[in-house]
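# can't give you the sequence, but here's the structure:
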DNA sequence: ACATAAAACTTTAAGCTTGAAATATCTTAC
DNA sequence: GTAAGATATTTCAAGCTTAAAGTTTTATGT
């Protein structure tokens, strides 16, 4: 999957396979760099950052299932990550009157502050890691990836 | 990180952040689809597929550290995946005369056959999943991602 | 009202992942 | 030749991940 420098596939329809391999290598490279920096600089992890980023954008809170859908990860996964964030005091669960199955999850004040700091560093890192991609190319790439995505949005 | 449809960042230098978010969402979407199909159709996993793909390209075998570098994952990780593949008879470790610390890892005959079958299906899936990306766009995207990658190859 | 189904979550088991510590082997410098 | 360091790999603990099964609560059909 993460095929590399040596014998690349050739023939009809291989361009998409090659694209996928590059896409995956690029995102893994960046991801592992981010992971390392989050750990070293802020003693946190990418999944925690992802959850906090989602909650930061929703001050009124989110349901567990919203988080799961939004982050493209399973329900059970979110449970574990949120549990850990709660035990660290960065996130709170609030029972709801209307529906006792659900609870609104939101950042605590401490979580909000913490996230703002980390997010600023994160944005700088991305600027650095993608520095060689021109703003122009960045916009074009984003456009292509968006059209790909809309093709898949809401599947099953 | 996997930010989505609602308030997208704006301002100077946000194009790269937006690009990264799209890149990550695209690769996670495709990855999870592949994961599911590998499981359902062939009762295997993406990491196992990755290792077998690497070995398929190296009939003479690879060292554990080669695998680790090539796949962009940690050493200890490769140990576990290879252990499982060995126990399933798909991969073999061969001690080397020269250096007793290392062993050459290679596909067994069964592993080779098995991989060929799965890889054919895999290529079809990619063609399907990236079907809306034109071959032309695929080549352009690949080019941009390649230049990004060479910028990072061999860091640290 | 009451049974049945649906929805929202959590729990569980198995496997993936990392970074760090531990082992074993080889290489280098005296 | 031997101690010190470098390499290659495995082991370990903690956390992430998923699919499937289980729990609790709400909604629906009769």
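Structure received. The shown structure was predicted, so the numbers you read here are calculated from the model rather than taken from an experiment. Residues are numbered from 1 along each chain as shown, chains lettered A, B, ... in the order given.

# now do the helices in chain A.
A:14-42, A:46-56, A:64-71, A:75-87, A:109-129, A:135-150 (DSSP state H).

# show me the contact partners of the fourth one.
Contacts made with helix A:75-87 from outside it, assessed by Cβ atoms under 8 Å, 6 or more residues apart in numbering or on different chains, are listed as A:47-48, A:51-52, A:64-65, A:67-68, A:71, A:91-93, A:105, A:111. Quick note: C-beta positions are derived from backbone N, CA and C, even for glycine.

# give me the distance from it to the chain's centre.
In this view, helix A:75-87 has its centroid 15 Å away from the chain centroid, taken as Cα atoms, centre = their mean, to the nearest Å.

# with the longest one instead?
Distance, stretch centre to chain centre, for helix A:14-42: 12 Å (Cα atoms, centre = their mean).

# quick one: buried residues of that helix?
Residues A:14-31, A:33-34, A:37-38 are the ones in helix A:14-42 that count as buried (16 or more other Cβ atoms under 10 Å in any protein chain shown).

# close to DNA strand D, is it?
No - applying Cβ under 7 Å from any atom of the strand, one finds helix A:14-42 separated from DNA strand D by no less than 9.3 Å.

# quick one: residue A:72 and residue B:50, what's the gap?
Separation of residue A:72 from residue B:50 (Cβ to Cβ, to the nearest Å) stands at 20 Å.

# ok, those two, which is more surrounded?
Set residue A:72 next to residue B:50 and count neighbours by other Cβ atoms under 10 Å in any protein chain shown: residue B:50 wins out with 21 against 15.

# touching, the more buried one and residue B:70? I think so.
No - with contact defined as Cβ atoms under 8 Å, residue B:50 does not reach residue B:70; the gap is 9.2 Å.

# alongside DNA strand C, which residues does chain A contribute?
Applying Cβ under 7 Å from any atom of the strand, we find that chain A lies next to DNA strand C at A:32, A:35-36, A:39, A:63-66, A:75-76, A:78-80, A:82-83, A:93, A:99, A:101-103.

# again, only this time at 6 Å
Residues of chain A lying close to DNA strand C by Cβ under 6 Å from any atom of the strand are A:32, A:35-36, A:63-65, A:75-76, A:79, A:101-103.

# contacting residues for residue A:35?
Taking Cβ under 8 Å, 6+ apart as the contact definition, residue A:35 lies against A:45-46.

# quick check: pLDDT value at it.
On the pLDDT scale, residue A:35 is placed at 95.

# is stretch A:40-49 in proximity to chain B?
Yes - residues of stretch A:40-49 are located near chain B by Cβ under 8 Å from any Cβ of the partner chain, namely A:46, A:49.

# what sits up against that stretch?
With Cβ under 8 Å, 6+ apart as the test, stretch A:40-49 has contacts from A:31, A:34-35, A:38-39, A:73, A:77, A:81, A:84-85, A:90, A:115, A:117-118, A:121-122, B:1.

# what comes up buried for it?
A:44, A:46-49.

# could you dump these to a markdown table with distance to DNA strand D?
Listed next are the buried residues of stretch A:40-49 as a markdown table, based on distance: Cβ to the nearest atom of the strand, whole Å:
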| residue | distance to DNA strand D |
| --- | --- |
| A:44 | 8 |
| A:46 | 7 |
| A:47 | 3 |
| A:48 | 5 |
| A:49 | 9 |
